[in-house]
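# next come a sequence and a model predicted from it.
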Amino acid sequence: MNRSVLISGCSGGGKSTLLAELAVRGHAVVEEPGRRIVKQELERGGVALPWVDMVAFARRAIAMAIADHTAAHEQAGWRFFDRGLIDAAAALQHLTGEPALEKLSAVHRYHETIFLTPPWPEIYTTDPERRHDFDEAIAEYDRLAAIYPALGYQVVILPKIAVADRADFLLDRLSQKTEQQ
């Protein structure tokens, strides 16, 4: 069984907070490639930033997500990803028209259930690493919400509830899926 679980969705929808809660509970988590790339680029004065060169940023995110996905298979138990390869490939395909999604997603699969954080304006904020506005975040969410089912994933929208309850909801859904198999 594939135990690499992807948490995607709207920017500022609570993904990183949820991943932190899952880590506290002892689960392996993988930080969002985009956040790591932005930190690296800002520290060294690089240009692979979403607001400078989005195509270079997406290509770096794809490479990092592939490395993350490969490395995670060495870990036992559930592995939770804050975004991942599909998000990066979707961005590149949206920007350039390159058919990155089908080629990459066929080789590097996640668990059949993908969890999406919906737009949540009450908690959305920008910061030095997230400079796009809420409307751009919603447009990205809409693209992702359409892409995942088209790639054969079952999408579960995470409820807008306290982080501990959200983690319980996610883990309960995964245990139900495991029991059904």
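Yep, that arrived.

# other SSEs contacting the helix-or-strand element of the chain with minimal mean pLDDT?
Across the helices and strands of the chain, the lowest-confidence element by mean pLDDT, DSSP states H and E is helix 100-107, at a mean of 79. Counting contacts by 3 or more C-beta pairs under 8 Å, 6 or more residues apart in numbering; DSSP states H and E, helix 100-107 is packed against helix 54-72, helix 85-96. In short, each C-beta sits where N, CA and C put it, glycine included.

# show residues contacting it.
With contact meaning C-beta atoms under 8 Å, 6 or more residues apart in numbering, helix 100-107 is reached by 62, 66, 85, 86, 89, 90, 92, 93, 147, 151.

# next, the angle from it to helix 54-72.
0 degrees (axes from the mean of the first three to the mean of the last three C-alpha atoms, to 10 degrees).

# what's the following helix or strand after helix 100-107?
Counting by DSSP states H and E, the next helix or strand C-terminal to helix 100-107 is strand 113-117.

# now do the buried residues in the helix or strand that that next one is followed by.
Downstream of strand 113-117, the next assigned helix or strand under DSSP H and E is helix 134-150. The neighbour-count check on helix 134-150 (16 or more other C-beta atoms under 10 Å) flags 134, 137, 138, 140, 141, 144, 145, 147, 148 as buried.

# circling back to that earlier point, may I see the buried residues of the least confident helix or strand of the chain?
In helix 100-107, counting by 16+ other C-beta under 10 Å, buried: 100, 101, 104, 105.

# ok, residue 167 - contacts?
With C-beta under 8 Å, 6+ apart, residue 167 has these contacts: 18, 21, 22, 25.

# pretty sure the first one is touching residue 7, no?
So the one you mean is residue 18. Yes - Residue 18 lies in contact with residue 7 (C-beta atoms under 8 Å); the separation is 6.3 Å.

# and residue 97, how many neighbours does it have?
8 (other C-beta atoms under 10 Å).

# and if you look at residue 36?
By other C-beta under 10 Å, the residues close to residue 36 number 17.

# what's the closest non-adjacent residue to it?
Leaving aside its sequence neighbours, residue 36 sits nearest to residue 64 (C-beta to C-beta, 6 or more residues apart in numbering; 6.7 Å).

# Three-state assignment for residue 6, please.
Secondary structure, DSSP: H, G, I helix; E, B strand; the rest coil: residue 6 is strand.

# so what's it closest to, chain neighbours aside?
According to C-beta to C-beta, 6+ apart, the nearest residue to residue 6 is residue 110 (4.3 Å).

# try residue 144
Spatial nearest neighbour of residue 144, chain neighbours left out: residue 8 (5.6 Å); criterion: C-beta to C-beta, 6+ apart.

# please report how far the residue nearest to the spatial centre of the chain lies from residue 175.
Most central in the chain under C-alpha atoms, centre = their mean is residue 83, positioned 1.2 Å from the mean C-alpha point. Relative to residue 175, residue 83 is positioned 23 Å away (C-beta to C-beta, to the nearest Å).
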